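need the 3D shape of this:
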Amino acid sequence: MDYGKWLYEQKRKQKQNIKKQHSVTLKEIRLRPKIDAHDRQIKMNRAVKFLEKGHKVQITMLFRGREMIHLDHGLEMMTHISEELAPYCHVESPVRRMGRRMNMVLAPNKQH
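Coordinates of the predicted model:
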């Protein structure tokens, strides 16, 4: 057997395997607690597009200065977002607070 031909076949098989793999990427959407309803809706439409493509979405809420007093408002907004996106995804990682940030990871629903 020709060694060059064998190498070519191996590289070809490797490329085919890479094409068949489905890699999931994590997309991030950043919000602030004072965001307007229309601006939030635009961000949610973007999240829906990411979820439909099969990506995971991390929703991050950033708090600055005196906004730290109103963490309950941020938590309420995050639960509202998860309910709004429920037809497209499920919550993979619930809302967690890390310093001045509040994170939540959403994973797309499996399509059969």
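
confirm Glu67 sits in a strand?
No: using DSSP: H, G, I helix; E, B strand; the rest coil, the assignment for Glu67 is helix, not a strand.

right, and it touches Met61 too?
No: counting by Cβ atoms under 8 Å, Glu67 does not reach Met61; the two are 9.4 Å apart. Using the backbone N, CA and C atoms, a C-beta is placed for each residue, glycine as well.

determine the longest helix present in this protein.
Counting by DSSP state H, the longest helix found in the chain is helix 3-20.

between Glu67 and Met61, point out the one with more neighbours.
Legend: neighbour count by other Cβ atoms under 10 Å for Glu67 and Met61, higher for Met61 (25 against 16).

in the lengthiest strand in the chain, which residues are buried?
Ranked by residue count and defined by DSSP state E, the top strand of the chain is strand 89-98. Buried residues in strand 89-98, counted by 16 or more other Cβ atoms under 10 Å: Cys89, Val91, Val95.

now do stretch 79-87
Along stretch 79-87, these residues count as buried under the neighbour rule (16+ other Cβ under 10 Å): Ile81, Ser82, Leu85.

avg pLDDT for that stretch?
Stretch 79-87 carries an average pLDDT of 92.

how distant is that stretch from the center of its chain?
For stretch 79-87, the separation from the chain centroid amounts to 13 Å (computed by Cα atoms, centre = their mean, to the nearest Å).

25 is where my numbering starts, stick with that
Shifting the count to begin at 25 puts that one at stretch 103-111.

just the CA trace of that stretch, in PDB.
The C-alpha trace of stretch 103-111 is given here as PDB (Å, rounded to 0.1, in the frame of the first residue of the first chain):
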ATOM      1  CA  THR A 103     -36.700  35.000  36.700                       C
ATOM      2  CA  HIS A 104     -38.900  36.900  34.300                       C
ATOM      3  CA  ILE A 105     -36.300  36.300  31.500                       C
ATOM      4  CA  SER A 106     -36.100  32.600  32.200                       C
ATOM      5  CA  GLU A 107     -39.900  32.400  32.100                       C
ATOM      6  CA  GLU A 108     -40.000  34.400  28.800                       C
ATOM      7  CA  LEU A 109     -37.400  32.100  27.200                       C
ATOM      8  CA  ALA A 110     -38.900  28.900  28.600                       C
ATOM      9  CA  PRO A 111     -40.300  27.600  25.200                       C
END
